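In: quick one: sequence plus predicted model below, questions after.
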Amino acid sequence: MDPWKEDLLQTFQSIECERQVLAMVAELARKLEFDYCAYGLRMPLPLARPKTAMFSNYPAVWQARYQAQEYQVIDPTVQHAMRSPSPVIWSDDLFAPARELWEEARSFGLQAGLAHTCRDASGMGGMLTLARAGEAVTTIEWQAKACHILWLVQAVHLCMVRIAAPKLLPEIAVQLSRREVEVLRWTGEGKTSGEIAEVLNITERTVNFHIGKAMTKLNAANKTAAVLRAAMLGLLS
């Protein structure tokens, strides 16, 4: 591994709070010739409205405006991140479906930028955005800086998952026992507690006990939700 990559990972591994992460990203963004940076973290749960967190050094007024208008719902960069792991460079065409958002962002000095996503095995997704006032990001510039930006995205995501994710979704720290995993897997296959008891050669009462324990750990309302939550968090693999 290149020394600068090792230094980058080690630096982020030593950080213990989100504010420090943002300060480090802002410093690295300036070295890459960007004025602003933002990082969004999206949990895999709840399915209906996944928990999210946004950290940025955008102008405070713009941050408040973005949140008040719920622009994240129509933000083309967010929509792109949900569909594709590839980077996206800001352009008039990209923001054509959200013209008002684009015009307002530019009025706050967010005139050019790019966004890159990251997703891990536990289903947590992140998006790093680098922005500036001034010239648009060209393909040539992206190609020259892609390696550094890609590594920055990975390092920030690992760091934010470690620091911020447990606060957003405590269930990610859950550890299921071997038997709890087994009964949830079979439950996910549609088997009843009685059928699972026969498969595992244990009593139905024991099956229900393990299902109940897993439900409590996962903060699930019922066994179906427990199976879904465990699967989304990668606990059944």
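Out: Structure's in. What do you need?

In: what is the end-to-end distance of stretch 167-177?
Out: Across stretch 167-177, the terminal residues are separated by 23 Å (Cα to Cα, to the nearest Å).

In: can you name every helix or strand that the longest helix along the chain contacts?
Out: When the chain is scanned for its longest helix (criterion: DSSP state H), the result is helix 139-163. Counting contacts by 3 or more Cβ pairs under 8 Å, 6 or more residues apart in numbering; DSSP states H and E, helix 139-163 packs against helix 3-13, helix 18-31, strand 36-42, strand 112-119, strand 125-132. In this view, the C-beta of every residue, glycine as well, is placed from N, C-alpha and C.

In: quick one, grab the pLDDT at the nearest residue to Ala53 once chain neighbours are set aside.
Out: Nearest residue to Ala53, sequence neighbours excluded (Cβ to Cβ, 6 or more residues apart in numbering): Leu41, at 4.9 Å. Looking at Leu41, its pLDDT is 94.

In: check the one 4 residues further on too.
Out: According to the predicted model, the pLDDT of Leu45 comes to 85.

In: check Thr216 too.
Out: For Thr216, the predicted pLDDT is 95.

In: what strand or helix carries it?
Out: Element membership for Thr216 (DSSP states H and E) is helix 204-218.

In: can you list contacts of that helix?
Out: 171, 174-177, 179-180, 182-184, 187, 193-194, 196-197, 200, 220-223, 225-226, 229-230, 233 (Cβ atoms under 8 Å, 6 or more residues apart in numbering).

In: circling back to that earlier point, can you give me the buried ones in the longest helix of the chain?
Out: 141, 145, 149, 151-161, 163 (16 or more other Cβ atoms under 10 Å).

In: over to stretch 80-92?
Out: 80-81, 87-90.

In: inside strands: which ones of these?
Out: Of those, the ones assigned to strands by DSSP state E are 88-89.

In: with distance to Gln20 and pLDDT added, can I get the buried residues of stretch 80-92 in TSV?
Out: TSV is the format used below for those (distance: Cβ to Cβ, whole Å; pLDDT from 0 to 100):
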residue	distance to Gln20	pLDDT
His80	28	93
Ala81	24	90
Pro87	25	94
Val88	27	96
Ile89	28	96
Trp90	27	97
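
In: and stretch 155-163, how far out from the chain middle?
Out: 9 Å (Cα atoms, centre = their mean, to the nearest Å).

In: please apply the same query to stretch 179-196.
Out: 30 Å.

In: next one: stretch 88-107
Out: Relative to the centre of its chain, stretch 88-107 is centred 23 Å away, using Cα atoms, centre = their mean.

In: quick one: end-to-end distance for it.
Out: End-to-end distance for stretch 88-107: 21 Å, by Cα to Cα.

In: buried stuff in that stretch?
Out: For stretch 88-107, by 16+ other Cβ under 10 Å, it's 88-90, 94-95, 98, 101-102, 104-105.

In: Tyr36: which of the residues you listed is nearest?
Out: Tyr36 lies nearest to Ala105 out of these, by Cβ to Cβ, at 10.3 Å.

In: wait, a strand at that closest one?
Out: No. Assignment of Ala105 by DSSP: H, G, I helix; E, B strand; the rest coil gives helix, placing it outside any strand.

In: residues contacting it?
Out: Contact partners of Ala105, counting by Cβ under 8 Å, 6+ apart, are 62, 111.

In: what does the pLDDT read for it?
Out: 96.

In: ditto for Ser84
Out: You'll see Ser84 listed with a pLDDT of 89.
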